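Asker: sequence plus the predicted model coming up.
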Amino acid sequence: MPILLRLSRLIDAFSDLIGKGAMWLILAATLISAGNAIVRKTLGVSSNAWLEVQWYLFAAVFMLGGGYAFLRNAHVRIDFISGKFSARTRNWIDVGGIVVFLFPLCYMMATLGWPVFHNAWVSGEMSSNAGGLIRWPVYFLIPLGFAFLFLQGLSELIKRLAFLTGHGPDVLSHTGPSEAELLAQELAAQEKAAQEQARAAGAKP
């Protein structure tokens, strides 16, 4: 198990690096989108290539960010149900989900996506839009993204089994409020303060 946990930490570090890198793609897509809009409105010039760059960047964020989301436990969960289970039950459910659903899905999508990428690579497939981009880079994101997700699934499986065998902590435990919960609490506090100020102003003669 110690060797597997070291492997898990390496995969986690890799997923964290990829996820943080993908965040910069969001900024790039935003700047390109703003630039396209400004040029189109001011100069009346438009480019399908730059429009497709935005789509490619969005696809890259979506496909490459899956493993990072899994690492951060940011994917959708039915918390009001899972919160009623014991820690061991939650981890066993995750083990079953990873082995029965996640791994087969990643394998299927990667194997189905690879021929699509390969055919586009060999044929030099281009966008059907005038001035569009070559297609194989965006097709390559399909097998690549699911390969990254498979790796992170392997890391999460190791961590779940480590907890179940007494070799690691429960990574599903909530030791404190999440970032979203902290943001909601801050917004609620600001709203309450604004309401109190409004009542105080209304009470003045």
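Answerer: Sure, I can see it. Numbering: from 1, shown residues only.

Asker: near A193, how many other residues are there?
Answerer: Neighbour count of A193, defined by other Cβ atoms under 10 Å: 10. Just so you know, the C-beta spots here come from the backbone N, C-alpha and C atoms, and that holds for glycine as well.

Asker: what's the biggest helix in this protein, counting residues?
Answerer: helix 2-43 (DSSP state H).

Asker: list the buried residues of the helix or strand following it.
Answerer: Scanning forward in sequence from helix 2-43 by DSSP states H and E, the next helix or strand is helix 48-64. Under the neighbour-count criterion of 16 or more other Cβ atoms under 10 Å, helix 48-64 has 50-54, 56-57, 59-61, 63-64 buried.

Asker: can you add distance to H118 and pLDDT and give these back as a markdown table?
Answerer: Output for the buried residues of helix 48-64, formatted as a markdown table (distance: Cβ to Cβ, whole Å; pLDDT from 0 to 100):
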| residue | distance to H118 | pLDDT |
| --- | --- | --- |
| W50 | 27 | 80 |
| L51 | 26 | 83 |
| E52 | 21 | 85 |
| V53 | 23 | 87 |
| Q54 | 25 | 86 |
| Y56 | 18 | 90 |
| L57 | 23 | 90 |
| A59 | 18 | 89 |
| A60 | 19 | 91 |
| V61 | 24 | 90 |
| M63 | 17 | 90 |
| L64 | 20 | 89 |
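
Asker: redo these as JSON lines? Include distance to Y139.
Answerer: Converted to JSON lines, these look like this (distance: Cβ to Cβ, whole Å):
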{"residue": "W50", "distance to Y139": "20"}
{"residue": "L51", "distance to Y139": "18"}
{"residue": "E52", "distance to Y139": "13"}
{"residue": "V53", "distance to Y139": "15"}
{"residue": "Q54", "distance to Y139": "17"}
{"residue": "Y56", "distance to Y139": "10"}
{"residue": "L57", "distance to Y139": "15"}
{"residue": "A59", "distance to Y139": "10"}
{"residue": "A60", "distance to Y139": "12"}
{"residue": "V61", "distance to Y139": "16"}
{"residue": "M63", "distance to Y139": "11"}
{"residue": "L64", "distance to Y139": "14"}
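
Asker: any stretches of this protein with poor pLDDT?
Answerer: 76-83, 174-185, 198, 201-205 (pLDDT under 70).

Asker: quick one, domains of it?
Answerer: 2-173, 175-205 (automatic domain parsing).

Asker: relative orientation of the longest helix of the chain and helix 48-64 in degrees?
Answerer: Inter-element angle recorded for helix 2-43 and helix 48-64: 160 degrees (by axes from the mean of the first three to the mean of the last three Cα atoms, to 10 degrees).

Asker: from the contact counts, what lies against helix 2-43?
Answerer: In terms of contacts (3 or more Cβ pairs under 8 Å, 6 or more residues apart in numbering; DSSP states H and E), helix 2-43 is packed against helix 48-64, helix 66-71, helix 136-164.

Asker: great, nothing more from me.
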